[in-house]
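1. I need the structure of the sequence given here:
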Amino acid sequence: MTIPIETWWLPRPSKSKYPGSFPLHFESKLFQLYPVFPYSRILQPFGGMALYGKRCDINPDTDPDYCCDAHNLPFPNNSEFDFVLLDPPYSDDYAAQLYRTGKLHKKKYVSEAVRVCKPGGYIAHYDIVLNPRPEGTGFDRIIVVLTRMYHKPRICCIYKKDR
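-> Numbers count the residues shown, from 1 in each chain. This is a model prediction of the structure:
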């Protein structure tokens with residue numbers, strides 16, 4: 001099986017200047033590839049200052065739609081979400097320094113994203129490493145995101161949830 005791999009070079013930082021936010025144009029470009037309407041069918045469990053969809057965040061200062069932990073999402077199994085976009089802090093130290101949160105449990109928050117995504121929907125994991133395919137999904141594509149010189153690339157693995 002061949003997995004499509006793309007490279008995007010995007011400006012950084014985003015207009016929000018919120019620590020850890022996506023590069024400028026990332027979300028709009030992603031949702032041109034995966035058009036989801038209405039946008040309320042998109043879920044961002046680490047929503048922060050996300051532009052699209054329902055935003056969940058543990059930090060109430062970001063004014064999320066749902067103030068909750070991505071490790072325990074308040075939605076039923078196989079919810080109405082066509083697309084779940086994960087953009088977690090990239091390490092426990094990073095989470096503590098920037099967001100004053102506790103330890104990250106990657107398997108738990110990824111399995112939560114798969115759990116709440118509807119069958120046939122997509123889960124994207126934006127990170128600094130290539131992540132394995134979660135159980136109950138198949139690889140759809142990989143996007144390598146470059147921002148500026150001397151900055152680490154980001155890797156967005158996109159999975160399709162089994163029916």
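
2. Report the next helix or strand after the helix or strand of the chain with the lowest mean pLDDT in sequence order.
-> One helix or strand of the chain scores below all others by mean pLDDT, DSSP states H and E: helix 92-94, with a mean of 79. Using DSSP states H and E, the next helix or strand after helix 92-94 towards the C-terminus is helix 106-116.

3. So which elements touch that following helix?
-> Counting contacts by 3 or more C-beta pairs under 8 Å, 6 or more residues apart in numbering; DSSP states H and E, helix 106-116 is packed against strand 81-86, strand 117-127. The C-beta positions use only the backbone N, C-alpha and C, and glycine is treated the same way.

4. just how off-centre is stretch 26-42 within its chain?
-> Distance of stretch 26-42 from its chain centroid, counting by C-alpha atoms, centre = their mean, to the nearest Å, is 12 Å.

5. wait, stretch 107-116
-> So, by C-alpha atoms, centre = their mean, the centroid of stretch 107-116 is 11 Å from its chain's centroid.
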